[in-house]
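**Q** A predicted structure for the sequence below; I have some questions about it.
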Amino acid sequence: MNNVICGEDERIDDLQRNGYRIIQKKKGFCFGMDAVLLSGFAQVKEGEVAVDLGTGTGIIPILLEAKTNGKHFTGLEIQEEVAEMAGRSVRLNQLEDRVDIVRGDIKEASRLFGKASFDVVTSNPPYMNDNHGLKNPDLPKAIARHEVFCTLDDVCREASLLLKSGGRFYMVHRPHRLVEIITALKTYKLEPKRMKLVHPFADKEANMVLIEAVRGGKSMMKVEAPIIVYKEPGVYTQEIYDVYGY
């Protein structure tokens, strides 16, 4: 196992890509479909460098390393234990030369890394503001789901500062906050260019939205065909199998 230690309260999951695996808490917050869909939606081109804000288990930089031709990937995570676990997953997959996990605050990201230092920024930020949903008593889960340490505005501001001119920001979020999302993006000169809604079933309303915005881009957004997750209960559509690599 490359001398990487997995704790008794942890498990190792197969990512179905390049033989990569990831360490997660058995009972803690685990990555979800939203992170996997974001890794399929984001585009990191040859030679580009990318950073994931609020990386959690490190799932997005590890999957982007597997799926794209990007040069280097960084994950930023505020929680010390979670960041340490993500770092072990990087070592488990022998990706130390390609993926870094940095412990730090999203609100300080541009100071940590420097302005205009990335071609691509990704984020699967907390979806719930203080007006939506009950806070989970388990703090790591609450941090992942609620705007405890950062707001949507913080994420968009720091993404804009981190990006080079013409750089791309990719985010997955909830459709009920779409007006807030677009307003925040435009406030920080991130022009929405692509949007894709995700529906659990073809006849159900969307419960996720994927957005690409370009730093300093011109105003024109393409709304792409939606993703349908299940064709029937318990059976994924082919698109989901393709994204997961099954």
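**A** Thanks, I have it. Numbering: from 1, shown residues only.
**Q** which stretches of this protein have low pLDDT?
**A** Residue ranges of the chain with pLDDT under 70: 1-2, 29, 127-149, 246.
**Q** show me where it has its strands.
**A** Counting by DSSP state E, the chain has strands at residues 10-14, 21-25, 49-53, 72-77, 99-103, 118-123, 163-173, 190-199, 208-215, 222-223, 227-228, 230-232, 235-236.
**Q** direction included, what does the fourth one pair up with?
**A** In this case it means strand 72-77. Applying DSSP bridges to the sheet, strand 72-77 is found paired with strand 49-53 (parallel), strand 99-103 (parallel).
**Q** for these, which one sits closest to A109?
**A** Evaluated over the strands paired with strand 72-77, closeness to A109 peaks at strand 49-53, with 6.2 Å, by Cβ to Cβ. The way it works is simple: take the backbone N, C-alpha and C, and place the C-beta from them, glycine included.
**Q** so that closest one versus strand 163-173, what angle?
**A** Computed by axes from the mean of the first three to the mean of the last three Cα atoms, to 10 degrees, the angle separating strand 49-53 from strand 163-173 equals 40 degrees.
**Q** could you dump strand 49-53 to PDB, C-alpha only?
**A** What follows is strand 49-53 as a C-alpha-only set of coordinates in PDB (Å, rounded to 0.1, in the frame of the first residue of the first chain):
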ATOM      1  CA  VAL A  49      -2.300  24.300 -13.700                       C
ATOM      2  CA  ALA A  50      -5.500  24.000 -11.600                       C
ATOM      3  CA  VAL A  51      -6.600  24.500  -8.100                       C
ATOM      4  CA  ASP A  52      -9.600  23.000  -6.300                       C
ATOM      5  CA  LEU A  53     -11.100  25.200  -3.500                       C
END
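**Q** hmm, who's touching that strand?
**A** Residues outside strand 49-53 that contact it (Cβ atoms under 8 Å, 6 or more residues apart in numbering): 42, 44, 60-61, 64, 70-76, 106, 109, 113, 117-125, 155, 158-159, 162.
**Q** related to what we said a few turns ago, among the strands paired with strand 72-77, which is the most enclosed?
**A** Ranked by mean neighbour count under mean count of other Cβ atoms under 10 Å, the strands paired with strand 72-77 are led by strand 49-53, which reaches a mean of 26.
**Q** beta partners for the residue lying closest to S219 once chain neighbours are set aside?
**A** Nearest-residue entry for S219: E191, 6.0 Å, with adjacent residues in sequence omitted and distances by Cβ to Cβ, 6 or more residues apart in numbering. Counting by DSSP bridges, E191 is bridged to V214.
**Q** surely E191 and K218 touch.
**A** Yes - judged on Cβ atoms under 8 Å, E191 makes contact with K218 at a distance of 6.6 Å.
**Q** higher neighbour count, those two?
**A** E191 (18 against 7; other Cβ atoms under 10 Å).
**Q** the more buried one: what's it in contact with?
**A** Counted by Cβ under 8 Å, 6+ apart, E191 has contacts L185, A213, V214, R215, G216, G217, K218, S219, M221.
**Q** how many residues are close by V120?
**A** If we define neighbours as other Cβ under 10 Å, then V120 has 26 of them.
**Q** correct me if wrong: it contacts K164.
**A** No - the pair V120 / K164 is not scored as a contact, 9.5 Å apart, by Cβ under 8 Å.
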